[in-house]
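Chemist: I would like to see how this sequence folds:
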Amino acid sequence: MAAAAEPTRRRWIRLSPMLVDTLLGYLVAMAVSAAVLTSPLAVGSASWPAYVFALGFGVVLLWRRRHPVPVLLVTFLGICVYYTLDYPPIGLALPMAAALFSVAEAGRVRIGVVVSLVLVGLAVYFQVAEGRAAGELLGYEVPPVVALMGASLALGDGTRSRRLLQASQRERERQTRLEQQHRAEQLRAEERLVLARDLHDTLGHALAVVSLQSAVATESLPERIPAAQQAVGEIRSVSRQAMAELRDTVTRLRSLDSTDRTAVGLDGLPTLVELARGSGLQATLRGDEIEVSDEVGLTVYRIVQEALTNVIRHADATAVGIELRSRGDRLIVTIADDGRGVTSAAELVAGNGIRGMRERAESCDGQLSVAGSGPEGGVTVCAVLPSRQADQGRP
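Modeler: Numbers count the residues shown, from 1 in each chain. Down below sits the predicted model:
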């Protein structure tokens, strides 16, 4: 509790300079009043105007932050008028200290030095003119006054230097953070380029070989094996499609910060359906005509692509249906098959494919669920996405 209260107190004091100036003015007024009260030259009620001057020396400090030089000059003139009216002595440094500190804190040390020297010179001149020994004044009275004024100026200048140093340190820390962020962005960009090269060099090469060999196999197979030719043709078609998507992914990785991004979307769903049909499935696509952002369109495409892959690889299905429906500002995508379904809830535990579909849906502020269709078998994947979401990463 105490540790939590300490920053609050410091902040409150820092945000309340008027309170600090009021207390400082009060202390100066009380100190000058005490000097008047204890002076042997104070004569009863005849010295009451001196207390008015003491109050003025304190009140003027309320403007020391905004107008340090005028406050110093007003204090200087006030002292001159005070002694001209022959009021009880209050010294020179006592009412001047706070004003000198303020001008030094504002970076006006030279003005403070000049005003201090002029005030001390006038005091020495008039006292010598009244018969005081110059040696006594310069040897005993003037040095403490000069030392106190100098200390006030030094303290104010030191406070200003400390604040400038703190501000410079904060600026250096800010620049360091910016440089670290810039380096981190450069590292991420380099990682993306490495990933893009790896994808292109490994998967790209493999898919290119698959496409080439499937073309050779298609030409080499005899005409009496149409099923084998069809299968090899589907392999070639799928490899070409994968190559196109791989090139698109590599391009987007290399220019991830670019505003000109092109990617597959809802218009690519018919191609996925044709590929599923080529694998022996009775695939259908139906639904509403819906306009969505590029980001949502890509998400739908990837979810349907992964769902169809799971059906082809694991479901032992004969048919799969894809349906898109619009409900207000939501897009509902359903992929249902008539495969073997699931025998336990454990089979629906998210693997990499299901996890990836769910993460893609959540990245667009959507949801995805996977469930068995019922006792007749089959699995239904349902994604609910915002149909009007703006493209992420675009200005």
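Chemist: contacts and neighbour counts: CA atoms only from here.
Modeler: Noted.
Chemist: give me phi/psi at residue 367?
Modeler: Per-residue torsions, residue 367: phi -140, psi 150 (degrees, to the nearest 10).
Chemist: wait, residue 320 sits on residue 335?
Modeler: Yes. Here residue 320 lies in contact with residue 335, judged by C-alpha atoms under 8 Å, at a distance of 7.0 Å.
Chemist: okay, these two: which has more neighbours?
Modeler: residue 320 (25 against 22; other C-alpha atoms under 10 Å).
Chemist: contacts only, for the more buried one.
Modeler: By C-alpha atoms under 8 Å, 6 or more residues apart in numbering, residue 320 lies in contact with 281, 282, 283, 284, 311, 335, 336, 337, 338.
Chemist: name the SS class of the fifth one, please.
Modeler: It refers to residue 311. Of the three states, residue 311 takes helix according to DSSP: H, G, I helix; E, B strand; the rest coil.
Chemist: for the fourth one, same thing?
Modeler: Taken by three-state DSSP, the conformation at residue 284 corresponds to strand.
Chemist: what do you get for the one 5 residues further on?
Modeler: Secondary structure, three-state DSSP: residue 289 is coil.
Chemist: please convert the contacts of residue 320 to a markdown table, extending it with distance to residue 100 and pLDDT.
Modeler: Below are the contacts of residue 320 laid out as a markdown table (distance: C-alpha to C-alpha, whole Å; pLDDT from 0 to 100):
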| residue | distance to residue 100 | pLDDT |
| --- | --- | --- |
| 281 | 92 | 82 |
| 282 | 93 | 89 |
| 283 | 89 | 89 |
| 284 | 88 | 91 |
| 311 | 85 | 83 |
| 335 | 81 | 92 |
| 336 | 84 | 90 |
| 337 | 87 | 89 |
| 338 | 91 | 87 |
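Chemist: among these, who's most crowded?
Modeler: Counting neighbours by other C-alpha under 10 Å, the top entry in these is residue 337, with 28 neighbours.
Chemist: ok, and the closest non-adjacent residue to that residue?
Modeler: Nearest residue to residue 337, sequence neighbours excluded (C-alpha to C-alpha, 6 or more residues apart in numbering): residue 320, at 4.2 Å.
Chemist: beta partners for that neighbour?
Modeler: residue 283, residue 337 (DSSP bridges).
Chemist: what does the one 4 residues further on give?
Modeler: In this structure, residue 324 bridges to residue 287, residue 333 when assessed by DSSP bridges.
Chemist: wait, it touches residue 330, no?
Modeler: No. The pair residue 324 / residue 330 is not scored as a contact, 10.5 Å apart, by C-alpha under 8 Å.
Chemist: who has more neighbours, these two?
Modeler: Taking other C-alpha under 10 Å, residue 324 and residue 330 do not tie; residue 324 has more neighbours (20 against 17).
Chemist: and the strands in the protein?
Modeler: With strands called from DSSP state E, the chain shows them at 282-287, 319-327, 330-337, 367-372, 379-386.
Chemist: ranking the ones you listed by mean pLDDT, which is last?
Modeler: Mean pLDDT values for the strands of the chain show the minimum at strand 367-372, a mean of 86.
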